[in-house]
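Chemist: Sequence and computational prediction follow.
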Amino acid sequence: MSTSELPITGELVMKTIAMPADTNANGDIFGGWVLSQMDLGGGIVAKAHSSTGRAVTVSIDSMAFINPVKVGDVVSCFAQLIHRGRTSMKIQIETWTYSYISKESKHVTHGIFTYVAIDENGKPCQLTNDEK
Ligand SMILES: CC(C)(COP(=O)(O)OP(=O)(O)OC[C@H]1O[C@@H](n2cnc3c(N)ncnc32)[C@H](O)[C@@H]1OP(=O)(O)O)[C@@H](O)C(=O)NCCC(=O)NCCS
């Protein structure tokens, strides 16, 4: 199934393969690794909206792990800006997996991450004027 046929929200910001080095004690992929992929992907969107091109993660408002990620799954993160503040932005991020073995796509996580645009001194700064 192509991603265009899935009920996905947002743009593709990260695509990688889950590797054995990232497993937990159950043999599935460690939740922290998935979270890290989401944070990196959301950070790309946040940078695009920062007037300096710099942004940091300040909080994760909600996070749900829905299905386990298996070694060898293709892991894709999709992100959408859902709120612009003065210096902060909320980005909704969801993760889907695709298995070339089972030919199945699964929605595995979703969360809302808040990023803050920062200047070269690490202080909050304005977002771009661009409303997109
Ligand atoms: C992000 C950071 C620069 C904000 O500094 P600050 O002095 O708290 O800034 P302010 O109080 O002026 O808040 C700036 C914006 O962040 C928002 N904000 C601050 N803390 C927040 C929190 N915990 N959750 C959500 N938003 C938050 C404010 O609402 C404000 O938004 P607005 O400008 O859109 O209205 C600072 O907290 C920081 O450097 N944190 C560490 C970030 C980091 O290293 N992340 C990597 C993970 S280890």
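Modeler: All right, it came through fine. Keep in mind the model is a prediction, meaning the values are calculated, not measured.
Chemist: Residue of the chain nearest the ligand, please.
Modeler: Here the chain gets closest to the ligand at one residue, Gly85, 2.2 Å apart by Cβ to the nearest ligand atom. No exception for glycine: its C-beta is placed from N, CA and C like everyone else's.
Chemist: quick one: strands adjacent to the longest strand seen in the chain?
Modeler: For the chain, the strand with the greatest residue count under DSSP state E is strand 104-117. According to DSSP bridges, strand 104-117 forms sheet pairs with strand 55-65 (antiparallel), strand 88-99 (antiparallel).
Chemist: I'd like the average pLDDT over that strand.
Modeler: Strand 104-117 carries an average pLDDT of 97.
Chemist: Extract the CA atoms of that strand and return them as PDB.
Modeler: Output of strand 104-117 as PDB, limited to C-alpha atoms (Å, rounded to 0.1, in the frame of the first residue of the first chain):
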ATOM      1  CA  GLU A 104       1.600  -4.300   6.000                       C
ATOM      2  CA  SER A 105       1.500  -0.600   7.100                       C
ATOM      3  CA  LYS A 106       0.900   0.200  10.700                       C
ATOM      4  CA  HIS A 107       0.400   3.500  12.600                       C
ATOM      5  CA  VAL A 108       2.800   3.100  15.500                       C
ATOM      6  CA  THR A 109       3.000   6.400  17.400                       C
ATOM      7  CA  HIS A 110       1.700   9.900  17.500                       C
ATOM      8  CA  GLY A 111       2.600  12.900  19.600                       C
ATOM      9  CA  ILE A 112       2.600  16.700  19.800                       C
ATOM     10  CA  PHE A 113       6.000  18.300  20.200                       C
ATOM     11  CA  THR A 114       6.700  21.900  21.100                       C
ATOM     12  CA  TYR A 115       9.800  23.600  19.700                       C
ATOM     13  CA  VAL A 116      11.100  27.100  20.300                       C
ATOM     14  CA  ALA A 117      13.000  29.200  17.800                       C
END
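Chemist: No more questions from me, cheers.
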